[in-house]
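Q: Sharing a model prediction with you, sequence too.
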Amino acid sequence: MKHANDGQGDHLPVHIARILDNPHSDPTPRQLARLRDARSAAMRRFEQRAAENCGLQEKILLWAQRHTLLLKRGSAALGFAVVTGVGLMLVEGLMAETDAVDATVLSQDLPLDSLLEPHFSRGLHE
């Protein structure tokens, strides 16, 4: 694509692509000057655009962009909270089961040696 400020037969984008693709070729002083001028012009346009008040359509688009991002982050946070809550419920269930087994064992009059057997708790879980 030819730039509006390019001279006849001078295609700046092609030259830039060729220079960037070939690390051994350095830009000419004319190309460096044109790149520097283009950067300065772009910065001036940016500063002018930043100083202008944005229109209603632009405000709506910015609002939608920000709130879509917040919605994504909120969904991720909600998902994390649900997974954490389910995990805590499972842990509490296991702890309640362990407490019930402990209460059952302690409420029976069993000798201490029978409690220390390796397979003693197998029958309690059934």
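A: Everything's here; your move. Residues are numbered from 1 along each chain as shown.
Q: Distance of T28 relative to I16?
A: Relative to I16, T28 is positioned 12 Å away (CB to CB, to the nearest Å). In short, each C-beta sits where N, CA and C put it, glycine included.
Q: So the two - more neighbours on which side?
A: When neighbours are counted by other CB atoms under 10 Å, I16 comes out ahead of the other of T28 and I16, with 15 against 11.
Q: Which residues are in contact with the more buried one?
A: Q31, L35 (CB atoms under 8 Å, 6 or more residues apart in numbering).
Q: What helix or strand is it located in?
A: Element membership for I16 (DSSP states H and E) is helix 12-21.
Q: Tell me the buried residues in that helix?
A: L12, H15 (16 or more other CB atoms under 10 Å).
Q: what does stretch 30-44 give?
A: Neighbour counts over stretch 30-44 (16+ other CB under 10 Å) mark R34 as buried.
Q: which outside residues touch it?
A: Residues contacting stretch 30-44 (CB under 8 Å, 6+ apart): L12, H15, I16, I19, P27.
Q: Look up how far Q31 lies from the third one.
A: Per CB to CB, I16 is found 8 Å from Q31.
Q: Low-confidence bits of this protein, can you list those?
A: Within the chain, the stretches with pLDDT under 70 are 1-10, 23, 109-110, 112, 115, 120-126.
Q: go with 90
A: 1-32, 35, 46-76, 88-126 (pLDDT under 90).
Q: May I ask you to name the longest helix in it?
A: Assignment by DSSP state H gives helix 56-107 as the longest helix of the chain.
Q: Need the residue closest to the centroid of the chain.
A: In the chain, the residue lying closest to the centroid (CA atoms, centre = their mean) is R73, at 8.7 Å.
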